[in-house]
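*Asks:* just the structure for this:
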Amino acid sequence: MTSIGLSRYLSYDAKAIIYKEYGEPSEKIIVHDYKVESIKNDNEVLLELIAHPINPSDINQIQGVYPSKPELSVNLFNDESEVLKEASAICGNEGVFKVVEIGKNVKGFAQNDWVIPLFPNFGTWRTHVKLDMKGEAKLFNLNKENEKTKRFAEGNGGLSVNQAATISVNPCTALQMITKFLKLEEGDWVIQNGANSSVGKFVIQVCKNLKINSINLVRDKSSEENPQYLDELKSELKDLGADVVVSLSEAKEDRKLIKKLVKDVKENNTGKVKLGLNCVGGESCIPLIKTLDENGYLVTYGGMSKKPVILSTSSLIFKNLTSKGFWITRNNFQDPEEKQQTLDQIVHFYQNKQLVDAKSTHNIWKKGIAPSEVLALYQKALSNSSKNIVVYE
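*Replies:* Okay, the predicted model is just below:
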């Protein structure tokens, strides 16, 4: 552990990706150089970036269109000597850091432990950050030991860089939606559209781990270039644990197909289809509504089609369905304890090889490279349509 006495005169050359005004990220982001002084009291920790993803919400924040975004401020770096000339914000919500220095009053953490921010708007697109740990919990330790998880000498909780950097949003969204609204029993059913999305794939795996069955709707994107696309996708999702996989076009052609497939699985199963998860909207809601049993819940957490949720009057009245919305950002603010319990469970799944994380393109931020090279790295990552992670090494 780095002591305050030995580290008092140390400082770290740091960089952050900031923006001064809203607009297209590739045009608005700036690389800002600054110094981070060593910890000065026993309640502080100093963190160094390991990796962070570039999420759609990060992009929407820079554009100024996301409901939750940091305030623009001239005081971003907890240092009176580092006052910006123009109000700005640090990009990024999700990511993983390593504890570099730690004060003796900070409990539950150790040097080299991997940690993640508990709340959004943290500003993860930066190399170093110093925090005062007094008051409410600000960080979650991925390397802690409790009844669900165990410590690892490497400090990483047994997680890969990719798993740790992306643990806070998609897998937590999947687990909370499955457990928050209803008490699902072993053998019950969840039906979802957008099943091949990142969240959708975590939903499949969480259901499998909790012994809940899943019905999974996907878009049929087979083409002349790849006529086997749908078959390959169905095989991929079933390998993750999906019980039923149906394309939207198949469900539209045969309105009874889903129930036929469910019946094949349910021969020795009396479980009900209780929960529907919608991230698409529009007509893709119809199979969910028709398949849900009485008193079921439809939970909407996205709208990829940009079309409204379709709910039939008869389903609401005669099946007594309930429609809810879910946004993990709001849920984290409202119930931070639930967030920590969710993370404990996800770490447990990863440590026990019960989850497969989403593949990402890794963009390597080499320590010491020039600001122009850092900016080029981010602009390239922002222009790439695949899932991107920036790794600091």
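*Asks:* quick one, phi psi at Lys353?
*Replies:* Dihedral angles of Lys353 (phi, psi; degrees, to the nearest 10) stand at phi 60, psi 40.
*Asks:* Pro308 is in contact with Glu283, correct?
*Replies:* No. Counting by Cβ atoms under 8 Å, Glu283 stays clear of Pro308, with 10.7 Å between them. Every C-beta, even on glycine, is put in place using the N, C-alpha and C of the backbone.
*Asks:* so which of the two has more stuff around it?
*Replies:* Glu283 (14 against 10; other Cβ atoms under 10 Å).
*Asks:* now that one, nearest residue through space, not along the chain?
*Replies:* Ile310 (6.5 Å; Cβ to Cβ, 6 or more residues apart in numbering).
*Asks:* mind listing what the one you found touches?
*Replies:* By Cβ atoms under 8 Å, 6 or more residues apart in numbering, Ile310 lies in contact with Gly281, Gly282, Glu283, Cys285, Ile286, Ile289.
*Asks:* cool, Phe119 as well?
*Replies:* So, once contact is read as Cβ under 8 Å, 6+ apart, Phe119 ends up touching Lys138, Asn332, Phe333, Pro336.
*Asks:* of those, which is the most crowded?
*Replies:* Asn332 leads the contacts of Phe119 on contacts (other Cβ under 10 Å) with 21 neighbours.
*Asks:* need the pLDDT of that one.
*Replies:* What the model reports as pLDDT for Asn332 is 91.
*Asks:* just checking, it touches Ile116?
*Replies:* No. Counting by Cβ under 8 Å, Ile116 is not a contact partner of Asn332; they are 11.8 Å apart.
*Asks:* any weak-confidence spans in the stretch 201-350 of the chain?
*Replies:* 222-225, 266-269 (pLDDT under 70).
*Asks:* look up the closest residue to Ser68, ignoring the ones flanking it.
*Replies:* Thr329 (5.1 Å).
*Asks:* likewise Asn196?
*Replies:* In space, Asn196 is closest to Val218, 5.0 Å off (Cβ to Cβ, 6+ apart).
*Asks:* state the distance from Gly103 to Asn93.
*Replies:* 26 Å (Cβ to Cβ, to the nearest Å).
*Asks:* neighbour count: those two, which is higher?
*Replies:* Ranked by neighbour count (other Cβ under 10 Å), Gly103 and Asn93 place Asn93 first, with 25 against 20.
*Asks:* list phi and psi for the spatially closest residue to that one that is not a sequence neighbour.
*Replies:* Spatially, and ignoring its direct neighbours in sequence, Asn93 is nearest to Pro120 (4.6 Å; Cβ to Cβ, 6+ apart). Pro120 has phi and psi values of phi -70, psi 180 when expressed as degrees, to the nearest 10.
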